[in-house]
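Asker: I need the structure of the sequence given here:
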Amino acid sequence: MEPPVRIEVLECRAEDDRAGRWRVSWLIRNDEPEPIELHSAWIPHGRFRGDGRLPLALRVTGHGSERLELAVVAAEPPETVVRNAFLILQVSGNRGAWRVFARMRIEFDAQARPRPVVEVVTSHSIQ
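Answerer: Numbers count the residues shown, from 1 in each chain. Coordinates of the predicted model:
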C-alpha cells in the first residue's frame, strides 16, 4: 500500500540549555484528496528517542501539509551515524486507518548536532 503521506525533516534545533535535547520539525504532506487525521506519534529508537507515544489531534487537508514538532533525546559523538530511527504516526482518513513509518538515519555533525534524514516512508493498514 502506498503511504497516504510524505514526510520530510524541516529542522532540528537545540531545545534549550539541556544537553542532548532537541526539537525536530517534520513536514507532513497529505497525498490524499480528502483530509486525514494524525492521532499519535512515537519516536522509539534508543539513540534518537521521543517522549513516548504522544497523542495528536492534527488535521491535514486534502493535498495539504502541516508541520509536526516533537522533542527528542539524542547524544552521540561527532560524526556518528545512527540507522533505523523511526517516526511512527497513527493516521486515519476516508480509506481507513494506517500506521505510517518514516525510517531515518541520524547523522551527527562535527559539533555532535543530530541531522535526521528520512530515507523511506511506508505504511500498513491497522483496520
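
Asker: list the contacts of the residue nearest the centre of the chain.
Answerer: The chain has Leu87 as the residue nearest its centroid, 3.6 Å off, counting by Cα atoms, centre = their mean. By Cβ atoms under 8 Å, 6 or more residues apart in numbering, the contact list for Leu87 reads Ile7, Trp26, Ala41, Trp42, Ile43, Leu70, Phe101, Ala102, Met104. Glycine gets a C-beta too; all of them are placed from N, C-alpha and C.

Asker: let's go with 10 Å and repeat that
Answerer: By Cβ atoms under 10 Å, 6 or more residues apart in numbering, Leu87 lies in contact with 7, 9, 24, 26, 28, 41-45, 48, 50, 68, 70, 72, 100-104, 116, 118, 121.

Asker: Glu8 too?
Answerer: With Cβ under 10 Å, 6+ apart, Glu8 has these contacts: Ser25, Trp26, Leu27, Ile28, Arg29, Ser65, Ala102, Pro116, Val117, Val118, Val121.

Asker: tell me which element it is part of?
Answerer: strand 5-14 (DSSP states H and E).

Asker: next, the buried residues of the helix or strand just after that strand.
Answerer: As assigned by DSSP H and E, the chain's next helix or strand after strand 5-14 is strand 21-30. The neighbour-count check on strand 21-30 (16 or more other Cβ atoms under 10 Å) flags Trp22, Val24, Trp26, Ile28, Arg29, Asn30 as buried.

Asker: quick one, helices of this protein?
Answerer: Remark: helices of the chain are absent; assignment by DSSP state H.

Asker: wait, isn't Pro35 in contact with Gly64?
Answerer: Yes. Applying Cβ atoms under 10 Å as the test, Pro35 and Gly64 come out as touching, 7.8 Å apart.
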